[in-house]
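Enquirer: Sharing a model that was predicted from the sequence below.
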There are 2 protein chains.
Amino acid sequence: MCQLLGMNCNVPTDICFSFKGFRRRGGETDEHRDGWGIGFFEDKGCRLFLDYLPSAMSPIAELVQRYPIKSRNVIAHIRKATQGRLTLANTHPFQRELWGEYWLFAHNGNLSGVEASYSHYRPVGETDSEAAFCWLLNQLRQRFEHKPPAAVLVHEIQQLFAQLAALGSFNCLLSNGEMLLAHCATHLYYVVRQAPFTHAHLIGDDVSVDFNQLTFPSDRAAIIATQPLTDNESWIKCEPGEFLLFIDGMRCAPGSLSA
Amino acid sequence: MCQLLGMNCNVPTDICFSFKGFRRRGGETDEHRDGWGIGFFEDKGCRLFLDYLPSAMSPIAELVQRYPIKSRNVIAHIRKATQGRLTLANTHPFQRELWGEYWLFAHNGNLSGVEASYSHYRPVGETDSEAAFCWLLNQLRQRFEHKPPAAVLVHEIQQLFAQLAALGSFNCLLSNGEMLLAHCATHLYYVVRQAPFTHAHLIGDDVSVDFNQLTFPSDRAAIIATQPLTDNESWIKCEPGEFLLFIDGMRCAPGSLSA
């Protein structure tokens, strides 16, 4: 299986510290050697770095770890291939444009029987994951010619996630640059970093960071990952079947959005 | 105005040498300081590096110059903004998926009055260029539910390029990873590197490369650029209104394709 990492913040924040621990799981501290990718939303723009080298050895991952790209929504993935060859076209996250916005998606798990009703979006590679992403966007596009209000959109995505989850194991992260949506099937944890900030220490690495030195009191960031990245923060374990919505660095109840 | 760089090859080839000269025009030897981008097709996959820093100073450009990514089709762009703010969303090349293939597009020039009939594809940013790309893909998608034979597709794109060229200045590069298509309005040059290979020397830089040391006799690469990059190769100047098609590192007559 693969590993997911997501970040959702109320101000543009770099992910260098968390990514440092995460990338080592791609071929160094863990077995996910089959490529990796990370996508950053910056305003309405999006940039995606992909490589089929293990993230622990990839020169692109080295750059990403050291180059502090400030973003409010990030999705990263390290791959242990189960479906689809080891090619760039099969490397997560996947990106498409919907309603004049970029969308990013990454998936951990195995799905079978994703319906191939490709009215607008079609997969380029061979993975169940990209097929699921295209199916989801096609469903949204068929229901809504233009972007609906947030409450309607989130409710719809929650239903579509549930349909995909019925096809196998579906841990995923999805973002349009405004919000980060997730579904837990087996393993997913999150932590919200906010004032009062503390030190954080990476698991299995002699690296700490004092967020007091790097933040303003009003900053807030949610980090979502397949496994906790630090050993001294309060990571919250998600339940199988749980749907998660993060806006402005905070977990939100889908029902709290105004329609 | 901006600068374009494209490469089309018969075998996966790195663009490090040409990119070295090209990136210096972004803020060092020339004035195109408003961001840059480069997209590489690898098999059916595509990876796009974007930055709003001048390419001469960008750490991502530094990585691209030194990391030999092998590709058969590359499109790069350095920007001098004329329409749209200096943001990532306005940075070329632009990428979309059509018929299960990724497409990349970059443009140099100014267009006015691009028709906003966004049936499938909608712009994320504010540039005339992205609007033109979306218009072109929408036209193709409306005409062809599935990818047509190459001759039909190329003929159609040639017609659509001509329509866009009527709206202003339209130098562009377009690729789906199989072929590279270009339109010249004002400035576009190309050179085909093939056996017998020679030394090439970058303009304004003390850098040469001996392609004999790096190639097999059967290798062939076409380089397309707004201005010649080397001072000892036979760059061919394109005419205003000229349509160009490159396949397997060779310029092809559109009529030579089988339908």
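Expert: Received the coordinates, thanks. Numbering: from 1, shown residues only, chains lettered A, B, ... in the order given.
Enquirer: residues in the stretch 101-250 of chain A within reach of chain B, list them.
Expert: The stretch 101-250 of chain A has residues A:101, A:102, A:118, A:120, A:121, A:122, A:123, A:124, A:125 near chain B, with proximity defined as Cβ under 8 Å from any Cβ of the partner chain. Using the backbone N, CA and C atoms, a C-beta is placed for each residue, glycine as well.
Enquirer: The residue nearest to the fifth one when sequence neighbours are not counted in helix, strand or coil?
Expert: Once flanking residues are discounted, residue A:121 sits nearest to residue A:134: 4.1 Å by Cβ to Cβ, 6 or more residues apart in numbering or on different chains. For residue A:134, the assignment made with DSSP: H, G, I helix; E, B strand; the rest coil gives helix.
Enquirer: For residue A:134, give me its contacts.
Expert: Residues in contact with residue A:134 (Cβ atoms under 8 Å, 6 or more residues apart in numbering or on different chains) are A:96, A:118, A:121, A:122, A:123.
Enquirer: Just the buried ones from those?
Expert: Burial by neighbour count, judged by 16 or more other Cβ atoms under 10 Å in any protein chain shown, picks out A:96, A:121, A:122, A:123 from the contacts of residue A:134.
Enquirer: which residues are in contact with stretch A:251-258?
Expert: Residues from elsewhere that reach stretch A:251-258, judged by Cβ under 8 Å, 6+ apart: A:149-151, A:154-155, A:158, A:190, A:192, A:222, A:243-246.
Enquirer: List the ones among these that fall in strands.
Expert: Judged by DSSP state E, strands contain the following of these: A:190, A:192, A:222, A:243, A:244, A:245, A:246.
Enquirer: so which pair among those residues is furthest apart in space?
Expert: The most widely separated members of these, counting by Cβ to Cβ, are A:192 and A:243 (17.1 Å).
Enquirer: show me the contacts for the closest residue to chain B within the stretch 51-200 of chain A.
Expert: For the stretch 51-200 of chain A, the residue closest to chain B is residue A:88, as judged by Cβ to the nearest Cβ, at 2.8 Å. When contacts are counted by Cβ under 8 Å, 6+ apart, residue A:88 is found next to A:35, A:50, A:52, B:42, B:43, B:44, B:45, B:46, B:47.
Enquirer: Check what pLDDT the residue nearest to the third one when sequence neighbours are not counted gets.
Expert: This points to residue A:52. The shortest distance from residue A:52 to any residue that is not its chain neighbour, by Cβ to Cβ, 6+ apart, is 4.0 Å, and that residue is residue A:35. Here, the pLDDT recorded for residue A:35 equals 89.
Enquirer: Residue A:35 contacts residue A:91, correct?
Expert: Yes: taking contact to mean Cβ atoms under 8 Å, the distance of 4.5 Å between residue A:35 and residue A:91 places them in contact.
Enquirer: Touching, residue A:217 and residue A:195? I think so.
Expert: Yes: with contact defined as Cβ under 8 Å, residue A:217 reaches residue A:195; the gap is 4.4 Å.
Enquirer: who has more neighbours, these two?
Expert: Set side by side, residue A:217 and residue A:195 give different neighbour counts by other Cβ atoms under 10 Å in any protein chain shown, the larger being at residue A:195 (13 against 10).
Enquirer: circling back to that earlier point, of the ones in strands among the contacts of stretch A:251-258, which is the most crowded?
Expert: With neighbours taken as other Cβ under 10 Å, the top of the ones in strands among the contacts of stretch A:251-258 is residue A:246, carrying 25 neighbours.
Enquirer: ok, now which ones touch that one?
Expert: Residue A:246 sits next to A:6, A:8, A:179, A:180, A:181, A:182, A:190, A:222, A:224, A:252 when contact means Cβ under 8 Å, 6+ apart.
Enquirer: Now do it, the pLDDT please.
Expert: At residue A:246 the predicted local confidence, pLDDT, stands at 98.
Enquirer: Please name the nearest non-neighbouring residue to it.
Expert: Leaving out its chain neighbours, residue A:246 is closest to residue A:8 (Cβ to Cβ, 6+ apart), at 3.8 Å.
Enquirer: Return the residues in contact with the one you found.
Expert: With Cβ under 8 Å, 6+ apart as the criterion, the residues that contact residue A:8 are A:72, A:73, A:175, A:179, A:180, A:221, A:222, A:224, A:246, A:247, A:248, A:249.
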